[in-house]
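1. let's see this in three dimensions:
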Amino acid sequence: MYKKQFQKREAIKFKKFGRKGYSLFACLGKEVIIGTLSVATLTYAKAEGVSTDTAKTDTTSVKTSKEVTLDDIEVISSRAPLALGQAARMVTVLDREQIAQAPVQSMNDLLKFVASVDVRQRGPIGAQTDISMRGGTSEQITILLNGINICDPQTGHNAFDLPVDISEIERIEVLEGPAGRVYGTSSLVGAINIVTRTAPTSGSDIYAESGSFGYFKGGARTNVVSGKWNNQVSGSYTRSDGFSRSKAGNLNGDYEGGKAFYQGQYAEGDLRVNWYAGMSTKGWGSSTSYATPTWKADNQYEKTDKYHAGIQAEVKRGRFHFRPSVYWNQHRDQYEGYRDQPEIMKYNYNRDNVYGVNMNSYFDWIAGRTAIGAEFRNEDLQSGNLGEPLNKPVHIHGTDRDYTLGINRSNLSFHLEHNILLSHFTLSAGFIAVKNTWNEMPFRLYPGADASYRIGDHWKLYASFNTSLRMPSFTELYYSKGGHKADKYLKPEEMNAIEGGVKYLSPGIQARASVYHHHEKNMIDWIMDTSKGENAVWESVNHTRLNAMGVDLSANADFSHLLPAQQILKSFNIAYCYIDQDKEAEPNIQSQYALEYLRHKLTADLGLHIYDRLNMTVNFRFQDRIGSYTTFDGDVKDYHPYALWDARLSWDASDYTIYAQANNIFDKQYVDYGLVPQPGTWVVIGARLHLNW
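-> Predicted coordinates:
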C-alpha cells in the first residue's frame, strides 16, 4: 500500500478517492501515503497477491496533511501491480500502528487477531506455533519475508522460525484463499507476507520488557542512511522460565532464544536493490507437545536454528519492469523425546537447505498489463530419521552422530498473468505451470481469475476462481518414530476454490462480506485409529476429498471521522469467520490437523485515547474448534469453545514509549492442542527509546 520512493519528497496524505479524470496528476512527483483507518485497524490492500515490494515509508515522520483526490494511484503487488481503485481481490493488512499497539510478545500472537487465521500454539513467545487459514493446516500456507518464500520443507511446525523480531515489521499482508498462480507450491489456502521496516533517517531504538513466568526480552536497532545507501541492523534476546512443570518437578515450558537481522538498500533512478541476512536460534521445553495417550512423555525439548539470506532488485526499462531475486534458507532442528536423556531415546537431528531463483517481470501495452516470470527452488534435507539412505554419511556438528538419511527435490514453475483494466471493472487472469522432481511429477497447470466491479465511490463487488497445490513435507513422507508412521508415497494436495463478496469503503467505515467454497483432493493429515488400543499410532494419509464452505464478515470504524468532536474513542474493529467441512472423522478416528478446524472465530478490538499521550487497546477473541482428543487417562474429549481478553496501556511520546499489557486477563484455562495446556494470565511491562542522529 505504499508508493515507491527513490528520493526524499514532500508527502501528501489523502483520505478520499476522486472520480475525476485528472486525479492522477495531483500526485505526480509526490510521495503518496495511502491511509484509510487509524490505530489498531485491519485494512485491505490490492488483489493480485501479496506485495513483494519492499520500498517503505515511515508515516510517523509526516508533518503535513493535505486533502487531495485520487483515482488511479498504482500500488505494488507481486505479479502485476494495479491501481488501488481497480484491485480485484482483497488482502488483509496489519499495519505498523496496529502492530505497535497490540498486546503481544511475538508475531505468532499478533496473527491471532486476524479472524481468518487459526493460530495453534504448543508454547508461548513463538516457541512452536502452527499457523493455518480457512480450515486448512499449517503445511498449506506460504510464509514470505519481503516477498521471499522462507517455508521449511521439513515441517510446517517451523514455518514461523523467523530471523527478524516483531519490532522490525512494517506490515503483515494476509492473502486468503489459494494463491497457486502467485506463489506456487504450499500456498494451498493462502499466504502471509512479512514486510520489514527500513527507517528513512539514521537513528537507533532500544527496548526492554519483563513479566510473568520469568519473562524478559531486550533488543536494539541501528539504521544508517547515507545518500543512496541505507543499512540497518537489529538484534533481540528473549527468555522465560515457563509456566508448567513435569511430573518430576522440573520446568518443562522454558524458553531461550535470540534473533539478528541485517538489511540494506541502494536506490538510484530506475534501479533499486535490497539485500537481507538474518538468523534465529531458540531452545524450549516442549512439555507434552508430541505426546500420545500411550507415550506420555512430559519433558520433551527442542532446539532450532534458522538462517536466511536474499537479494532482490527492481529495474525499469521503459514499459518493462524486472524484479529478480536470489535466496537461501537453512533450518536446523534438534528434538529430544526425553530432555537430556539420549540413552532413553536418541535425539532427532535434521538440517535442510533451500536455494531459489525468482524472476518476475511485467509490462504495459494496449490490451492491459501482463506479468510473466519463473522460479527455480531446490529443497535438500539431511537427517537422522527422515529420507532415504545417503551414499556418504555427513557428520552432525557438535555431536558424535552422523546424518545418514536425506532427500532432495527441485521445483520449477512458470507463471503468466494478464490484467484488463476498465473504468469500473478489473479482470486479472493467469496460470502457473509447476513441475517437481519428487516422484517424477510432470508439469501441472493451475489457473486462476479475479474480477471486481466498482459501484459509485464506496461499493465494490468481487469474485474469484483459483487453484493451487501443495507438496507433502519431508516429515509427512518419512517420520516413523515415537508413535508415528509415515507414507513416502503420499500424493500432492490440490484445491479448487471460488469466492465472492462485497466491500464498502468510506473515510469512517470499512466493511466486507465474503463467501467461499473450497474443494480439496488428497488432503494430507495425521490420523489415529483409537480402536487399536496400545497399537494405535499416528499415520500420515491422503483423505479422498474434502469440501469446505465459509463466510467472512468484518467491519471497522474510525471515530476520528465519525465522531470528530470527541477525543476518547479512536477505533473499533470486529470480524467473524464461519467454516463448515463435509468430511467428519469416522468412528474411533482422531485427526491431528485437517479435521480439527475453527468452526467459529470472532475477534474485536477497541482503541482508546485516555488522556494526553495515554492510549489503550482492548482485544477480544472467541474460538470454537471442531475435533476431539484423548487424554492421558484414555478419555476422549471434544474441544471446548473459549473466550480471551487482552489489553495494552501505553504512554506514547515522540521519542519514547512506556507500556504495560496483559494476556488472558481472566485466567482462562484452555488448549489449542488437546494434551498441551496454555498459560494463564501473563503480565508484561516495558519501554522503548528512540534516538535520532
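
2. quick check: longest strand of this structure.
-> Using DSSP state E, we find that the single longest strand of the chain is strand 402-421.

3. check contacts around the closest residue to Ile99 other than its chain neighbours.
-> The shortest distance from Ile99 to any non-neighbouring residue, by C-beta to C-beta, 6 or more residues apart in numbering, is to Ile169 (5.7 Å). Every C-beta, even on glycine, is put in place using the N, C-alpha and C of the backbone. Going by C-beta atoms under 8 Å, 6 or more residues apart in numbering, Ile169 touches 96, 99, 107, 194-197.

4. just the buried ones from these?
-> By neighbour count, with 16 or more other C-beta atoms under 10 Å, those hold 96, 99, 107, 194-197 as buried.

5. re earlier: now the element after the longest strand of the chain, going C-ward?
-> Per DSSP states H and E, strand 402-421 leads on to strand 425-436 as the next helix or strand towards the C-terminus.

6. surely Asp558 meets Pro564?
-> No. Applying C-beta atoms under 8 Å, one finds Asp558 not in contact with Pro564, separated by 10.2 Å.

7. so the two - more neighbours on which side?
-> For Asp558 versus Pro564, the count of surrounding residues by other C-beta atoms under 10 Å is larger for Asp558: 25 against 9.

8. so in terms of bridging, what pairs with that one?
-> Beta bridges link Asp558 to Ser571, judged by DSSP bridges.

9. just to revisit the earlier point, what angle do strand 425-436 and the longest strand of the chain make with each other?
-> Taking axes from the mean of the first three to the mean of the last three C-alpha atoms, to 10 degrees, strand 402-421 and strand 425-436 form an angle of 160 degrees between their directions.

10. which other helices and strands contact strand 402-421?
-> For strand 402-421, the packing partners by 3 or more C-beta pairs under 8 Å, 6 or more residues apart in numbering; DSSP states H and E come out as helix 180-183, strand 368-383, strand 388-395, strand 425-436, helix 474-478.

11. could those go into TSV alongside mean pLDDT and distance to Ser116?
-> Listed next are these as TSV, based on pLDDT from 0 to 100; distance: least, C-beta to C-beta, whole Å:
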stretch	mean pLDDT	distance to Ser116
helix 180-183	80	17
strand 368-383	94	26
strand 388-395	95	38
strand 425-436	92	21
helix 474-478	92	24
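
12. out of these, which gets nearest to Ser554?
-> strand 425-436 (21.5 Å; C-beta to C-beta).

13. so in that sheet, which strands flank the following helix or strand past that closest one, and in what orientation?
-> With elements assigned by DSSP H and E, the helix or strand that comes after strand 425-436 is strand 441-455. Sheet pairing of strand 441-455 (DSSP bridges) gives strand 425-436 (antiparallel), strand 459-470 (antiparallel).

14. one step back: tell me the one among the buried ones among the contacts of Ile169 nearest to Asn619.
-> Taking C-beta to C-beta as the measure, Asn619 lies nearest Ile99 of these, at 13.0 Å.

15. roughly how far does that closest one sit from Glu170?
-> 8 Å (C-beta to C-beta, to the nearest Å).

16. looking at the buried ones among the contacts of Ile169, which is nearest Arg339?
-> Minimum distance to Arg339 across those is 26.5 Å, recorded for Met107 (C-beta to C-beta).

17. got phi/psi on the nearest residue to the closest one once chain neighbours are set aside?
-> Leaving aside its sequence neighbours, Met107 sits nearest to Ile166 (C-beta to C-beta, 6+ apart; 4.9 Å). Backbone geometry at Ile166, expressed as degrees, to the nearest 10, gives phi -60, psi -30.

18. Ile166 contacts Ser106, doesn't it?
-> Yes. Using C-beta under 8 Å, Ile166 is in contact with Ser106, at 6.1 Å.

19. between these two, tell me which one has more neighbours.
-> Ile166 (23 against 19).

20. what residues are up against that one?
-> Residues in contact with Ile166 (C-beta under 8 Å, 6+ apart) are 99, 104-107, 110.

21. any chance of those residues in a markdown table, with secondary structure and distance to Tyr642 too?
-> Below are the contacts of Ile166 laid out as a markdown table (DSSP: H, G, I helix; E, B strand; the rest coil; distance: C-beta to C-beta, whole Å):
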| residue | secondary structure | distance to Tyr642 |
| --- | --- | --- |
| Ile99 | helix | 25 |
| Val104 | coil | 18 |
| Gln105 | coil | 20 |
| Ser106 | coil | 20 |
| Met107 | helix | 22 |
| Leu110 | helix | 19 |
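
22. where's Val683, which helix or strand?
-> Applying DSSP H and E as the criterion places Val683 in strand 682-692.

23. for that strand, packing partners?
-> In terms of contacts (3+ C-beta pairs under 8 Å, 6+ apart), strand 682-692 is packed against strand 203-211, strand 215-226, strand 656-663.

24. hey, C-alpha coordinates of it in PDB?
-> The C-alpha coordinates for strand 682-692 follow below in PDB (Å, rounded to 0.1, in the frame of the first residue of the first chain):
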ATOM      1  CA  TRP A 682       0.500 -13.100  31.600                       C
ATOM      2  CA  VAL A 683       1.500  -9.600  32.500                       C
ATOM      3  CA  VAL A 684       4.300  -7.600  30.800                       C
ATOM      4  CA  ILE A 685       5.800  -4.100  31.300                       C
ATOM      5  CA  GLY A 686       8.300  -2.500  29.000                       C
ATOM      6  CA  ALA A 687       9.800   0.600  27.500                       C
ATOM      7  CA  ARG A 688      11.200   1.700  24.100                       C
ATOM      8  CA  LEU A 689      13.600   4.600  23.500                       C
ATOM      9  CA  HIS A 690      14.100   6.200  20.000                       C
ATOM     10  CA  LEU A 691      17.200   8.200  19.200                       C
ATOM     11  CA  ASN A 692      17.600  10.400  16.100                       C
END
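
25. adjacent strands (with direction) for that strand?
-> The strands beside strand 682-692 in its sheet (DSSP bridges) come out as strand 203-211 (antiparallel), strand 656-663 (antiparallel).

26. where in this protein is pLDDT low?
-> Along the chain, segments meeting pLDDT under 70 span 1-78, 81-87, 482, 584-585, 593-594.
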